[in-house]
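Engineer: Okay, sequence plus prediction incoming.
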Amino acid sequence: MQEKILKIIVGVSVIALVVVSILFFQNNNTLMFFISIAANFIQILLFITWYFQENPIPKKTITQIDEIHQATKIREEKYKRKEIIITRLMKEGLIREYDLKKIFQSLKNREVFLIHTYGEGVPENLRESYKGESQPLITILTKIGFVRVFGQHNLFIIFRKNLPRSLRSLQRLEEFLLKEVEKVWEKIGNYTREKYPGTDYKIYEKWRTNEGFKCSYLIFKAVEEDFIVGYKTRYSFTPQFVNSIIREIEIEKIKPLIDNRVKLQEFVTKTSIEIFLEDFPKDIKKAILNQEQRLKSALEIKNFTDFKNFTCETLTQQFNKLIGANPEWDKYSELIITQAKEFYDILYELGMEA
């Protein structure tokens with residue numbers, strides 16, 4: 001709403017300044033004429049900037065879904081540590097369910113896109129042979145950043161600011177999604193025609209001709225003040241949806257919800273180094289956890305954030321000693337130390353004692 005008001009103001013200003021310029025020019029006031037021209041130019045630039053933020057010129061790169069997917073993964077990785085900490089604090093009861101509603105309510109000023117899909121699908125036998133997606137449209141949605149709201153329903157959501165600018169209108173978003181779906185359908189159709197020719201596999205006739213593909217969808221945008229998230233007793237949202245909410249909330253707004261600093265310190269002390277190992281190979285993760293207590297004793301670690309105080313070389317030496325030689329210990333050590341620093345910064349902002 002604020003942007004719309006600003007655009008109206010700028011538009012009116014442009015018209016008014018043009019009129020003023022003409023009047024000054026008629027009165028031969030050269031100085032005021034050039035001042036007015038400069039003001040006109042600035043206002044027109046502002047207006048053009050705001051206009052194309054809302055109505056961007058489509059870019060060729062926007063057709064490359066892999067590029068959007070990569071940008072989405074980078075954004076998710078950026079906020080991953082915060083999501084992990086806040087989610088665990090919620091499970092430990094340091095952020096109460098009642099207070100969580102306040103976080104949801106604070107999102108009413110955000111613009112979001114919502115999509116509900118239905119009816120698409122690829123036969124199980126063909127899907128297993130093709131090794132592709134069972135629901136191409138849903139796969140595309142998740143690649144560009146949409147998250148499922150409820151576990152058993154195909155309702156997906158994304159905050160407007162997380163979409164590429166060229167997809168921030170319903171028409172362009174729909175056009176993009178349909179093009180991407182048709183690409184997938186064409187690939188499956190080509191595969192079926194080659195792998196299961198009509199003379200031998202009449203059962204796949206609809207998929208060879210592309211007549212078997214279908215999907216239905218509802219796309220809508222909730223503007224500012226029209227987006228409400230809530231629940232009663234306890235919520236049933238997916239973890240992905242809750243994480244997307246956490247990603248949008250500043251630490252400063254979460255900090256007041258944690259009113260027990262003693263419990264926060266206890267949480268930090270008892271948290272296992274398993275918190276670092278989510279993306280580690282299973283065998284590496286198991287080996288490190290088996291030696292967790294000996295590792296902490298050797299390094300005199302009081303809580304998991306203390307790993308930030310060690311060098312990669314020191315940590316690697318301990319892994320070699322306690323677990324055995326591995327050429328990738330340097331890589332894993334660096335990951336642990338980096339995460340420890342990130343977790344420390346978040347917890348310090350939330351009120352953890354230094």
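Structural biologist: Structure received.
Engineer: and the closest residue to N260 other than its chain neighbours, how many neighbours?
Structural biologist: Leaving aside its chain neighbours, N260 sits nearest to L94 (6.6 Å; criterion: CB to CB, 6 or more residues apart in numbering). (C-beta placed from N, C-alpha, C; glycine too.) Counted with other CB atoms under 10 Å, residues neighbouring L94 total 20.
Engineer: Quick check: L94 touching V262?
Structural biologist: No - with contact defined as CB atoms under 8 Å, L94 does not reach V262; the gap is 10.4 Å.
Engineer: circling back: shouldn't the residue nearest to N260 be within a strand?
Structural biologist: No - read with DSSP: H, G, I helix; E, B strand; the rest coil, L94 is coil and lies in no strand.
Engineer: mind listing the helices for the stretch 1-150 of the chain?
Structural biologist: 2-26, 30-54, 65-78, 80-91, 97-105, 124-130, 136-143 (DSSP state H, counting those that start in this stretch).
Engineer: do the stretch 201-350 of the chain as well
Structural biologist: 205-208, 239-248, 251-254, 261-270, 282-290, 292-299, 312-322, 329-350.
Engineer: what sits up against the longest one?
Structural biologist: Read that as helix 329-350. 81-82, 84-85, 89, 251-252, 254-255, 258, 264, 268, 273, 275-276, 280, 284, 288, 304-308, 310-312, 315-316, 319-320, 352, 354 (CB atoms under 8 Å, 6 or more residues apart in numbering).
Engineer: could you dump it to CSV, C-alpha only?
Structural biologist: Output in CSV follows, covering the C-alpha atoms of helix 329-350 (Å, rounded to 0.1, in the frame of the first residue of the first chain):
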residue,chain,number,x,y,z
TRP,A,329,39.0,-34.3,8.0
ASP,A,330,40.2,-30.8,7.0
LYS,A,331,37.0,-30.2,5.1
TYR,A,332,34.8,-31.5,8.0
SER,A,333,36.7,-29.6,10.6
GLU,A,334,36.2,-26.3,8.6
LEU,A,335,32.5,-27.0,8.3
ILE,A,336,32.2,-27.5,12.1
ILE,A,337,34.2,-24.4,13.0
THR,A,338,32.2,-22.3,10.5
GLN,A,339,28.9,-23.5,11.8
ALA,A,340,30.0,-23.0,15.4
LYS,A,341,30.7,-19.3,14.7
GLU,A,342,27.3,-18.9,13.0
PHE,A,343,25.4,-20.6,15.8
TYR,A,344,27.3,-18.5,18.4
ASP,A,345,26.4,-15.3,16.7
ILE,A,346,22.7,-16.2,16.6
LEU,A,347,22.6,-17.4,20.2
TYR,A,348,24.5,-14.3,21.4
GLU,A,349,21.9,-12.1,19.7
LEU,A,350,19.1,-14.2,21.5
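Engineer: and the helix or strand where V181 lies, what other elements does it pack with?
Structural biologist: Here V181, judged by DSSP states H and E, is contained in helix 170-195. Helices and strands touching helix 170-195, by 3 or more CB pairs under 8 Å, 6 or more residues apart in numbering; DSSP states H and E, are helix 124-130, helix 136-143, helix 205-208, strand 216-222.
Engineer: Nearest to K161, out of these?
Structural biologist: strand 216-222 (12.6 Å; CB to CB).
Engineer: Which secondary structure elements does that closest one sit against?
Structural biologist: Partner elements for strand 216-222 (3+ CB pairs under 8 Å, 6+ apart): strand 112-118, helix 170-195.
Engineer: do you know how far the residue sitting nearest the centre point of the chain is from N162?
Structural biologist: The residue lying closest to the centre of the chain (CA atoms, centre = their mean) is E76, at 4.9 Å. Remark: distance between E76 and N162 (CB to CB, to the nearest Å) = 10 Å.
Engineer: Skipping adjacent residues, who's closest to K101 in space?
Structural biologist: G230 (6.5 Å).
Engineer: swap in L177?
Structural biologist: Per CB to CB, 6+ apart, closest to L177 is I140, 6.2 Å.
Engineer: What of I138?
Structural biologist: That would be T117: by CB to CB, 6+ apart, it lies 6.0 Å from I138.
Engineer: try I258
Structural biologist: L94 (5.3 Å).
Engineer: Now for the one you found: which residues touch it?
Structural biologist: Counted by CB under 8 Å, 6+ apart, L94 has contacts 258, 260, 263-264, 267.
Engineer: if you set the cut-off to 10 Å instead, what comes out?
Structural biologist: 86, 88, 257-261, 263-264, 266-267, 350 (CB atoms under 10 Å, 6 or more residues apart in numbering).
Engineer: can you pick the most crowded of those residues?
Structural biologist: I86 (27 neighbours).
Engineer: Hmm, E250 and that one touching each other?
Structural biologist: No - distance between I86 and E250: 11.6 Å, which falls outside the contact criterion (CB atoms under 10 Å).
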